[in-house]
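Peer 1: Here's a sequence, model it:
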Amino acid sequence: MQTRPLGPGAPAVSAVGFGGMPLSIQGRPDEATGVRVIHAALDAGATLIDTADVYCHDDDDIGHNERLIAKALRSWSGPRERIMVATKGGLTRPQGRWERDGRPAHLKRACERSLAALGVERVDLYQLHAPDPAVPLADSAGALADLQREGKVRWVGLSNVSVEEIEEASAIVPVITVQNRLNPFFREALEDGVVAYCTRQEIGFLAYSPLGGGRLNKKLPSHPAAGAISRKHGVSAHVVVLAWVLAQGPTVIAIPGARMVEHARDSANAAGLVLAAEDLAAIDRAQFSRA
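Peer 2: Prediction:
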C-alpha cells in the first residue's frame with residue numbers, strides 16, 4: 001500500500017489506516033468478528049491503527065477497543081513491528097456520555113490505563129482527544145510532554161484542534177500529528193486552514209470519519225457525483241470519497257473504521273486510486289446533504 005509520512009521524525013505509515021471506534025461503541029460486533037475485521041485491515045496493508053481509551057460503552061468499559069486491538073495483534077500472523085498503534089486520552093464516558101477531561105492528572109492516569117490495555121511499555125502515538133475548555137491547553141500539553149520525557153509515549157498528537165491550538169501546544173511539546181474530521185459532508189478542516197497548516201509544517205493529518213459516519217456514509221453509493229465517479233473507475237463510492245480525502249494534502253492519512261471484513265478490505269483500495277482533476281472538482285462542487 002502507498003505510504004505517507006506520519007510526521008516529523010516518525011516513520012511512514014499506510015495512506016489508509018484503520019479506525020477502531022466502530023468495533024467498541026454501540027452496535028459493536030462480537031469480539032471474534034472484531035478481531036477478524038482488524039486482521040482484514042492489516043492484511044490489506046494498513047500499518048496504522050487508531051484507537052482511544054473511550055472507544056467503549058461507558059466508564060465501566062474503558063479500554064475496550066485498546067484491549068481488542070491488543071488481542072488482534074497478538075493473534076495476527078503478520079509482522080507486528082510494522083504496525084503503529086495510536087491512542088488518545090482526554091475524554092470520559094459517564095453513563096455513556098462523551099465529556100472532556102484535560103487535567104494533567106487525568107491524562108497521566110489515562111495513559112497508564114492505555115499502556116496496560118495495549119500490553120505495551122510505550123505508546124507509539126499518544127493524542128490529546130480534545131482540548132478541555134476548563135483546563136488551559138498548556139497544562140494538557142505539559143502532561144503529554146511529561147509522559148514523553150518519562151518514556152511512556154514515543155510521539156505526541158492532538159485531535160479536534162484549531163491552528164492556534166496546534167501552535168500553542170507545539171511550543172510545549174513536539175506535535176507530529178493532528179487528527180480532525182474531514183469528509184465531503186464536513187469540510188471545516190479545509191475551511192479553517194488546519195489541513196493547509198499541517199501540509200506546511202509536514203505534520204501528519206489523520207482524517208477521522210472520512211466517509212461521514214454511519215448514517216451519512218450510507219448516502220454515498222446513490223450520490224450523483226460519487227456514484228458516477230465510482231462507476232467510471234470500477235470501485236465503490238466509499239473508495240472514491242476516501243481517495244478525495246487523501247487528495248486534500250500530501251500528509252493526509254485516512255483512518256476509516258469498519259464493522260465488517262469486506263468494508264475493511266474495500267477501504268484499502270483507496271490508497272491506489274488517483275482521481276483525475278475533473279473527478280476532484282466534481283466532488284468539490286457537489287452538495288453532500290447531511291439531512
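
Peer 1: and L125, backbone torsions?
Peer 2: phi -140, psi 120 (degrees, to the nearest 10).

Peer 1: and if you look at F205?
Peer 2: The phi/psi pair for F205 (degrees, to the nearest 10) is phi -110, psi 110.

Peer 1: Which strand or helix spans the residue lying closest to it once chain neighbours are set aside?
Peer 2: Leaving aside its chain neighbours, F205 sits nearest to C198 (4.2 Å; criterion: CB to CB, 6 or more residues apart in numbering). Glycine gets a C-beta too; all of them are placed from N, C-alpha and C. Per DSSP states H and E: C198 is located in helix 194-201.

Peer 1: Distance from that helix to the middle of the chain?
Peer 2: 17 Å (CA atoms, centre = their mean, to the nearest Å).

Peer 1: Please apply the same query to stretch 284-291.
Peer 2: 23 Å.

Peer 1: ends of it, how far apart?
Peer 2: 19 Å (CA to CA, to the nearest Å).

Peer 1: Quick one: mean pLDDT for that stretch?
Peer 2: Averaged across stretch 284-291, the pLDDT comes to 94.

Peer 1: I'd like to know which elements the helix holding C198 is packed against.
Peer 2: The contact analysis (3 or more CB pairs under 8 Å, 6 or more residues apart in numbering; DSSP states H and E) places helix 194-201 against helix 163-170, strand 175-181, strand 204-208.

Peer 1: Of all the ones you listed, which one is nearest A282?
Peer 2: Nearest to A282, of all the helices and strands packed on helix 194-201, is strand 204-208, at 19.6 Å by CB to CB.

Peer 1: before we move on, the earlier item: residues touching the helix holding C198, excluding its own?
Peer 2: Helix 194-201 is contacted by residues 8, 161-163, 166, 178, 180, 182, 189-190, 203-205, 248-252 when judged by CB atoms under 8 Å, 6 or more residues apart in numbering.

Peer 1: buried subset of these?
Peer 2: 161-162, 166, 178, 180, 182, 189, 203-205, 248-249, 251-252 (16 or more other CB atoms under 10 Å).

Peer 1: ok, those vs F288, which is closest?
Peer 2: Among the buried ones among the contacts of helix 194-201, and counting by CB to CB, the member closest to F288 is L182, at 12.4 Å.

Peer 1: Now that closest one, what are its backbone angles?
Peer 2: Torsion angles, degrees, to the nearest 10, at L182: phi -160, psi 120.

Peer 1: how about the nearest residue to it, chain neighbours excluded?
Peer 2: Closest to L182 by CB to CB, 6+ apart is A207, at 4.0 Å.

Peer 1: Could you give the bridge partners of that neighbour?
Peer 2: N180, A254 (DSSP bridges).

Peer 1: quick one: which of the helices and strands packed on helix 194-201 is nearest F18?
Peer 2: strand 204-208 (11.3 Å).

Peer 1: the inter-axis angle of the closest one versus helix 194-201?
Peer 2: Orientation note: strand 204-208 sits at an angle of 160 degrees relative to helix 194-201 (axes from the mean of the first three to the mean of the last three CA atoms, to 10 degrees).

Peer 1: coming back round to it: would you turn the helices and strands packed on helix 194-201 into JSON lines with distance to I229 and mean pLDDT?
Peer 2: Below are the helices and strands packed on helix 194-201 laid out as JSON lines (distance: least, CB to CB, whole Å; pLDDT from 0 to 100):
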{"stretch": "helix 163-170", "distance to I229": "31", "mean pLDDT": "98"}
{"stretch": "strand 175-181", "distance to I229": "22", "mean pLDDT": "98"}
{"stretch": "strand 204-208", "distance to I229": "19", "mean pLDDT": "98"}
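
Peer 1: Which of the three states applies to I49?
Peer 2: When classified by DSSP: H, G, I helix; E, B strand; the rest coil, I49 comes out as strand.

Peer 1: whoops, T87 was the one
Peer 2: T87 - assigned by three-state DSSP - is strand.

Peer 1: Same list (the helices and strands packed on helix 194-201) but as CSV, adding distance to R122.
Peer 2: Converted to CSV, the helices and strands packed on helix 194-201 look like this (distance: least, CB to CB, whole Å):
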stretch, distance to R122
helix 163-170, 20
strand 175-181, 15
strand 204-208, 19
